[in-house]
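Undergrad: Provide a 3D model corresponding to the input given below.
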Amino acid sequence: MTGRRTYVVACLAGHGIGPEITAAASRALGGLAREHGFAVEELHPPFDTEALTRSGHPLPAATRQATASADAVLVAGDAAPALEGLRAALDLGARVTRVLDDTGEATTFAPLHDGGDRLDARPRVRDRAHA
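TA: The predicted structure follows:
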């Protein structure tokens, strides 16, 4: 991957359907990386219930360090209580929501802070006859 920028992403899956959501997001991120010529190195530190089971704390020091050193943090859901421990330490800027409708797929990037800029991105619409 010579000449390509590599971004480190800390993936916090949590529990429940979090691992499934994180896996789907990881595949999408990999596709974007290939399409736009960058690389992604994923870190998967224990988080929330998984971390509680392993270490007795929902947000252990190793997870805090992984998120602090990453270029981005991918969280499967914003309802995990352990996420509150990261909000103050990180500059969390946007919420990403993927929506399927009758015109195709749309991805919305919404700021987490009042007064932030709203960004919308629509991927290329594929001809469903050839998909």
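
Undergrad: gap between the two ends of stretch 76-83?
TA: Using C-alpha to C-alpha, to the nearest Å, the gap from the first to the last residue of stretch 76-83 comes to 11 Å.

Undergrad: which other residues reach that stretch?
TA: Around stretch 76-83, the neighbours that count as contacts under C-beta atoms under 8 Å, 6 or more residues apart in numbering are 12-14, 17-19, 21-22, 25, 47-48, 51, 58-59, 75, 95. Heads up, the C-betas are built off the backbone N, CA and C, glycines and all.

Undergrad: could you flag which of these are buried?
TA: Those of the contacts of stretch 76-83 that meet the buried threshold are 12-14, 18, 21-22, 25, 47-48, 51, 58-59, 75, by 16 or more other C-beta atoms under 10 Å.

Undergrad: taking those residues one by one, which sit in helices?
TA: Of the buried ones among the contacts of stretch 76-83, the ones assigned to helices by DSSP state H are 18, 21-22, 25, 51.

Undergrad: List the buried residues in stretch 28-39.
TA: Buried residues in stretch 28-39, defined by neighbour count with 16+ other C-beta under 10 Å: 29, 33.

Undergrad: Please read the previous query as pertaining to stretch 71-88.
TA: 73-77, 80, 82-83, 85-86.

Undergrad: now, which of the residues you listed sits nearest Val8?
TA: Closest approach between the buried residues of stretch 71-88 and Val8, by C-beta to C-beta: Val73, at 10.0 Å.

Undergrad: residues contacting the closest one?
TA: Counted by C-beta under 8 Å, 6+ apart, Val73 has contacts 9-10, 12, 67, 86, 90, 92.

Undergrad: mind checking the SS state of Arg27?
TA: Classification of Arg27 using DSSP: H, G, I helix; E, B strand; the rest coil returns helix.

Undergrad: burial measure for it, as a count.
TA: For Arg27, the count of nearby residues is 10 (other C-beta atoms under 10 Å).

Undergrad: Cys11 now?
TA: 25.

Undergrad: So what sits opposite it in the bridge?
TA: Taking DSSP bridges as the rule, Cys11 bridges to Leu74.
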